[in-house]
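What follows is a predicted protein model with its sequence.
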Amino acid sequence: MVSLTDLWLAIVLAAVGVFVASSLVHMVIGWHKADYKNLPGEDAIGEAMRAQSVPPGRYMIPCADSYAEAQTPEMIAKFESGPVAFLSVLPNGMPGMGKALLQWFLYTLLVGVFIAYIATLSLKAGAEYMHVFRVTGTVAVMVYAVPRIVDSIWNGIDWSITARYLADGVIYGLVSAGVFSWQWPAAAA
């Protein structure tokens, strides 16, 4: 039987591998540069938001307080005349990359723990490399890639952006699977 403690090194190395892969994807390859666009009238919109003292949070424009309100002629007219938007407002100041990178690394560690946990339930010590690869890779892709689809379904994110994040998730899944397969414990002698 393989335990989580047997896989601590695989968890850490998979997290480091995914962190490095994501750094390469975002900083070297740069295929996410087109994910955000400049908002026409950005200065005027920013000034209007500052005048309203909009606090950090997630907003929808227009936003109905209930399903019943969403069905009123006034609200329907707002939706039809547009714009219809989802907006995330962050705290003022430069976004803290250090904090975000630390949180991302901690997330990759958490994903590694879940990969390891599921692998310990389904694989024995000495399992074949490709069997470990398939199980751990499937779990990793499910965690890193599949949830991004929801962004396009519910939040209107362009499918081409989601496709790039799906590709990222597959890369992270392959890295994780390779590390777990390489570090998988041998069968007891």
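That came through, no problem.

May I see the buried residues of the strand or helix carrying Val143?
Val143 is located in helix 129-144, with elements delineated by DSSP states H and E. Using 16 or more other CB atoms under 10 Å as the test for burial, helix 129-144 gives Val132, Phe133, Val135, Thr136, Gly137, Val139, Ala140, Val141, Met142, Val143, Tyr144. Backbone N, C-alpha and C define where each C-beta goes, glycine included.

quick one: which of the residues you listed is nearest Val2?
Proximity of those to Val2 (CB to CB) peaks at Val132, which lies at 9.9 Å.

Contacts only, for Lys78.
Each residue near Lys78 by CB atoms under 8 Å, 6 or more residues apart in numbering is listed here: Pro62.

And it, which helix or strand is it part of?
Judged by DSSP H and E, Lys78 forms part of helix 73-81.

Of the buried residues of helix 129-144, which is the nearest to Ala186?
Checking the buried residues of helix 129-144 against Ala186 with CB to CB, the nearest one is Val132 at 11.5 Å.

I figured the closest one hits Ala125, correct?
No. Between Val132 and Ala125 there is no contact under CB atoms under 8 Å: 10.6 Å.
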